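> sequence first, predicted model second:
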Amino acid sequence: MSESATVAVLDDAPPLRTSQNIARLTFYFGLVYFCQGVSQYVCLLNQPIRGYLRRELNYNPEQIGNFFFLIGLPWLMKPLYGLISDFIPLLGYRRKSYLLLLNVLAACAFMYIAARVQPAHVLIGLFLTGVAVAASDVIVDAVMVETGQETGRVRLFQGVQWLCINVAAIGSGLLSMWIIARWNPTDALRIAAVIAGLLPLLVAAMTFWAVRESRAKLNLPQLKSSAAGLLAAFTSPRLWAVAGFLALSRFNPGLQTPMYDHIIKRVGVDESFNSLVDTASAVGMTIASAFFLFVMTGRFTTRVAIAIGLLTLAAGTAPYFFIHGKTSAMVASFTFGFGYMMAALATLTLAAEACPKRAEGFVFAALMSINNLSMNYSDKLGSMLYEKHLAHDINPLIALSIGCTLLGLLILPFLPTTPAEEKAALSPG
């Protein structure tokens, strides 16, 4: 990426990243992602929401898919959050002030859901939590990319983040299973919302300790010049190749809401068992995160890691064809989780390495929005096809998901090479 893409809004240079700073931020990144592994709507609240919609409101798979598409919209606006954070300091800081404000907002929105468990209020509350958690995620990722590019530790930070979020997802699945089995759908959703709302307060408290940055102020002449450079960066064919690759590799129709309905009807279980299925997927993702962090980091180029990830994901998706009972459902969920995380970590590393300096928040968020749009729309499309055109036959959607994953290999030769991290040849330590 050319230096013309650099966005200069800080008055002072970033602080020197000492080993102590790296250790502190590594812990902070892991803690934030651990908390997100509970608070995101696809984690602890995932099965309580689905159970509430299916059992209390009698939603069919298409309606559930549409509901999740709506509450996922805040994750599609990540470039806006990154743009604001990159260019407009709040109380003198680009990152810290926003993180404090957003995590307090997330906690309040979760408590609002717990207090007002009616469909419209649940939708509003989940939308607000999405804005707060997604924006916080963007800003934390911006700090990660800034630090990672300066030190060559992008893969280290990514590996730690996703290892922690997947460990949290295991706990979320087990906790969700217990909540659903013990309480009715409405109370289960309320209790899950209260638990999810406590963790953003922990993130806000730890932000005081971990995030240290130079004061900044808005500089309009520099902003105009930098915006032109940023626009030029987005005309880069290589950056668009990254964006197209992310969209294609995450297009997996049928593996969320339709699969949820398929397992309930084919296996004959309830949301409590589906929480256990989520846990199996989280175990697979956790093992994949550890494997990526301790085995692949520093040993393979990003391009090779992506090829391994895509092939692993395609192979890990195939067992979904053979679900016929509880054991096969658990095995399929585990293998998919492992493959999904192998592909995700490689592609997220690619996205982080493609970001221009000082516009990390905006560019990384834009790439992640493309990623999220592909996932959200593929679930919406898959739910519609499953309900209206496939007579609840999941197999064509599984085949389509595998095909889209393998098509990502065709874009691989056009992806950026020789990132700074590979030049550094770092090990996880």
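Thanks, I have the structure now.
> with adjacent residues omitted, what lies nearest to residue 31?
Nearest residue to residue 31 in three dimensions, chain neighbours excluded: residue 206, at 5.8 Å (Cβ to Cβ, 6 or more residues apart in numbering). To be clear about C-beta, it is placed using only N, CA and C from the backbone, and glycine gets the same treatment.
> helices and strands around whichever strand or helix holds that neighbour, which ones?
According to DSSP states H and E, residue 206 maps onto helix 185-210. Here helix 185-210 touches helix 19-39, helix 46-51, helix 96-115, helix 119-151, helix 154-182, going by 3 or more Cβ pairs under 8 Å, 6 or more residues apart in numbering; DSSP states H and E.
> can you put those helices in CSV and add distance to residue 335 and mean pLDDT?
Shown next, in CSV, are the helices and strands packed on helix 185-210 (distance: least, Cβ to Cβ, whole Å; pLDDT from 0 to 100):
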stretch, distance to residue 335, mean pLDDT
helix 19-39, 20, 85
helix 46-51, 19, 91
helix 96-115, 32, 94
helix 119-151, 27, 88
helix 154-182, 15, 86
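> out of these, deepest packed?
Comparing those by mean neighbour count (mean count of other Cβ atoms under 10 Å), helix 46-51 comes out on top with a mean of 25.
> so which elements touch that helix?
Using 3+ Cβ pairs under 8 Å, 6+ apart, helix 46-51 is in contact with helix 61-71, helix 154-182, helix 185-210, helix 271-291.
> ok, which of those comes nearest residue 114?
helix 185-210 (4.2 Å; Cβ to Cβ).
> off-centre distance for that closest one?
The chain centroid and the centroid of helix 185-210 are separated by 18 Å under Cα atoms, centre = their mean, to the nearest Å.
> pull out the buried positions in that helix.
By 16 or more other Cβ atoms under 10 Å, the buried positions in helix 185-210 come out as 185-186, 188-193, 195-197, 199-200, 203-204, 206-207, 210.
> could you give me the average pLDDT of it?
Mean pLDDT, computed over helix 185-210, is 93.
> buried ones in stretch 400-415?
Under the neighbour-count criterion of 16+ other Cβ under 10 Å, stretch 400-415 has 400-402, 404-405, 408-409, 411, 415 buried.
> of the helices and strands packed on helix 46-51, which approaches residue 28 most closely?
Closest among the helices and strands packed on helix 46-51, once you apply Cβ to Cβ, is helix 185-210, at 3.5 Å.
> and that closest one with helix 271-291, angle?
Note on geometry: by axes from the mean of the first three to the mean of the last three Cα atoms, to 10 degrees, helix 185-210 and helix 271-291 are set 20 degrees apart in direction.
> can you pull the contacts of the residue nearest to residue 31?
Residue 206 makes contacts with 28, 31-32, as judged by Cβ atoms under 8 Å, 6 or more residues apart in numbering.
> can you check residue 110 too?
Taking Cβ under 8 Å, 6+ apart as the definition, contacts of residue 110 comprise 39, 125, 129, 193-194, 196-197, 200.
> same check on residue 106?
39, 128-129, 132-133, 136, 197, 200.
> just residue 80 next, same as before
Residue 80 is in contact with residue 365, counting by Cβ under 8 Å, 6+ apart.
> and residue 118, how many neighbours does it have?
A count of nearby residues for residue 118, using other Cβ atoms under 10 Å, gives 10.
> where's it relative to residue 72, distance?
Noted for residue 118: a distance of 21 Å to residue 72, by Cβ to Cβ, to the nearest Å.
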